[in-house]
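Trainee: need a 3D model of the sequence below.
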Amino acid sequence: MRIGHYSSRVMKAVARAAVDVQGRQLQYAEIEEYGGRRRLLRLGSCDFDFNVVDELVGSPDSDKLLSVRGALRDVFAGSVASELRFVLRPPVVRTFFSAVPSDLPRSSLQVRARQEAALLYGAGPDLMVDLNLTGEAYDESHFEERWLGVSVTLEDVRKKLGRLAGALPGSSFQVCSSRVAAGKAVQRFQQVREEEEDGIVMAVGCFEGHYELAFAKDRQWLFSHGVLGMTEADAAFFAANILRRFGYDPVSVGRVLVYGESNRKDLPTFELAFGVTPSAFDPLMLVNIDPTTLDEDYNGGAFLPCVGAAV
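Mentor: Below is the predicted model of the structure:
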């Protein structure tokens with residue numbers, strides 16, 4: 001007689017925090033994941049009378065960094081997050097994507113990412129890399145290759161972020177570029193809408209001086225892109241060409257979601273190019289909260305990167 005041995009996994013809630021560094025303002029979020037569902041624990045912003053990005057890329061004023069860490073300690077008081085993710089943009093972070101075999105172990109991915117980062121940016125051992133795989137929520141055997149999104153920072157910047165991360169003692173931290181955060185958000189958008197067919201979902205981030213693009217299909221993040229100094233026409237052109245590189249026509253786009261620094265959602269060039277009327281990408285829809293229940297002056301699109309990094 002064979003006696004079977006049964007084991008049960010105790011489901012455990014995991015909380016992640018994210019901080020989006022944008023000049024004089026920081027947006028933050030904390031999200032708890034339990035059984036595949038997400039619950040928003042906190043969301044807000046901090047304003048400073050100095051540029052936090054300048055403190056990260058230049059010679060820092062220790063008192064200013066201490067004030068940032070103090071502010072983060074206050075807003076995350078009582079946090080249960082085990083991981084803190086800093087969302088950054090150029091020039092603080094550089095991002096590139098590389099096609100990798102789906103069966104390559106993560107240790108090999110780390111080595112490969114460092115080698116490619118050194119080739120692209122001409123720096124040596126002072127480069128720090130953080131990895132995000134597209135389609136990471138799926139069975140890897142279904143895909144021959146995936147895109148590896150690599151966020152690259154200098155060791156000096158990493159050390160300063162480590163001081164800020166001291167606001168959440170006991171939490172590990174990593175860097176997530178804003179375009180990677182947008183990709184994670186648009187993938188999550190499709191995951192929470194399993195019963196609806198959108199075709200390709202494209203997220204467009206509108207910021208001063210640049211646009212960001214992220215694409216998802218069949219609940220899988222496909223790719224992200226961002227270029228400084230873009231016009232809306234340039235961004236639409238890049239979006240159409242990226243889709244063609246993946247083998248899709250512009251008519252494959254079923255939804256265009258807009259986020260960014262303002263409540264803007266009118267993108268006439270995108271509407272003309274893809275035949276879809278854009279709509280606002282409010283991150284609260286990723287955590288099962290109805291945005292219409294909040295104040296009218298709430299700009300959800302500004303929080304999309306920090307929520308996307310934490311989901």
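
Trainee: now do the longest helix belonging to the chain: everything it contacts.
Mentor: Taking DSSP state H as the criterion, the chain has its longest helix at helix 106-121. For helix 106-121, the external contacting residues (C-beta atoms under 8 Å, 6 or more residues apart in numbering) are 94, 96, 98, 100, 104, 123-124, 127, 129, 131, 133, 148, 150, 152. Where C-beta positions appear, they are placed from N, C-alpha and C, glycine not excepted.

Trainee: what about the strands in the stretch 101-250 of the chain?
Mentor: 127-133, 145-154, 172-177, 200-207, 210-217, 220-228 (DSSP state E, counting those that start in this stretch).

Trainee: out of those strands, flag the one nearest G23.
Mentor: strand 200-207 (10.6 Å; C-beta to C-beta).

Trainee: quick one: average confidence on that closest one?
Mentor: The pLDDT scores in strand 200-207 average 94.

Trainee: chain center to it: distance?
Mentor: 12 Å (C-alpha atoms, centre = their mean, to the nearest Å).

Trainee: picking that back up, could I get the contacts of helix 106-121 as TSV with pLDDT, neighbour count and distance to H225?
Mentor: Shown next, in TSV, are the contacts of helix 106-121 (pLDDT from 0 to 100; neighbours: other C-beta atoms under 10 Å; distance: C-beta to C-beta, whole Å):
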residue	pLDDT	neighbour count	distance to H225
R94	87	20	13
F96	86	17	11
S98	83	17	14
V100	84	18	18
L104	81	15	23
A123	62	13	23
G124	61	7	27
L127	82	19	21
V129	87	23	19
L131	85	18	18
L133	74	18	17
L148	82	20	15
V150	87	24	14
V152	90	22	16
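
Trainee: on that earlier part again, how about the strands of the stretch 101-250 of the chain in CSV, adding distance to G254?
Mentor: Formatted as CSV, the strands of the stretch 101-250 of the chain follow (distance: least, C-beta to C-beta, whole Å):
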stretch, distance to G254
strand 127-133, 24
strand 145-154, 21
strand 172-177, 26
strand 200-207, 6
strand 210-217, 9
strand 220-228, 14
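
Trainee: so which of those strands is nearest K265?
Mentor: strand 200-207 (9.0 Å).

Trainee: circling back to that earlier point, for the strands of the stretch 101-250 of the chain, which one sits closest to V57?
Mentor: strand 145-154 (8.6 Å).

Trainee: mind listing what's buried along the closest one?
Mentor: Counting neighbours by 16 or more other C-beta atoms under 10 Å, one finds that the buried residues in strand 145-154 are 146-154.

Trainee: for stretch 238-247, same thing?
Mentor: Buried residues in stretch 238-247 (16+ other C-beta under 10 Å): 238-240, 242-243.

Trainee: related to what we said a few turns ago, which one of the buried residues of strand 145-154 is nearest F189?
Mentor: Distances from F189 to these, taken by C-beta to C-beta, are shortest for G149, at 17.2 Å.

Trainee: surely that closest one meets F97?
Mentor: Yes: contact criterion C-beta atoms under 8 Å: G149 and F97 qualify, at 5.4 Å.

Trainee: for the residue nearest to the spatial centre of the chain, give me the pLDDT.
Mentor: Closest residue to the average C-alpha location of the chain: A181 at 0.7 Å, with C-alpha atoms, centre = their mean. For A181, the pLDDT comes out at 94.

Trainee: I31 versus that one, what's the distance?
Mentor: According to C-beta to C-beta, to the nearest Å, A181 and I31 sit 12 Å apart.

Trainee: what's the overlap in contacts for those two?
Mentor: Common contact partners of A181 and I31 (C-beta under 8 Å, 6+ apart): A18.

Trainee: residue ranges with poor pLDDT in the stretch 151-300 of the chain?
Mentor: 194-197, 290-297 (pLDDT under 70).

Trainee: how about 80 then?
Mentor: 170, 193-198, 227-228, 262-265, 288-299 (pLDDT under 80).

Trainee: pick out whichever of the buried residues of stretch 238-247 sits closest to L286.
Mentor: A239 (21.6 Å).

Trainee: grab the nearest non-local neighbour of the closest one.
Mentor: L213 (5.3 Å; C-beta to C-beta, 6 or more residues apart in numbering).

Trainee: measure D266 to G70 for me?
Mentor: Note on D266: its distance to G70, by C-beta to C-beta, is 39 Å.

Trainee: residues shared between the contacts of G149 and F97?
Mentor: With C-beta under 8 Å, 6+ apart as the test, G149 and F97 both reach S224.

Trainee: hmm, back to that, chain center to the longest helix of the chain: distance?
Mentor: 20 Å.
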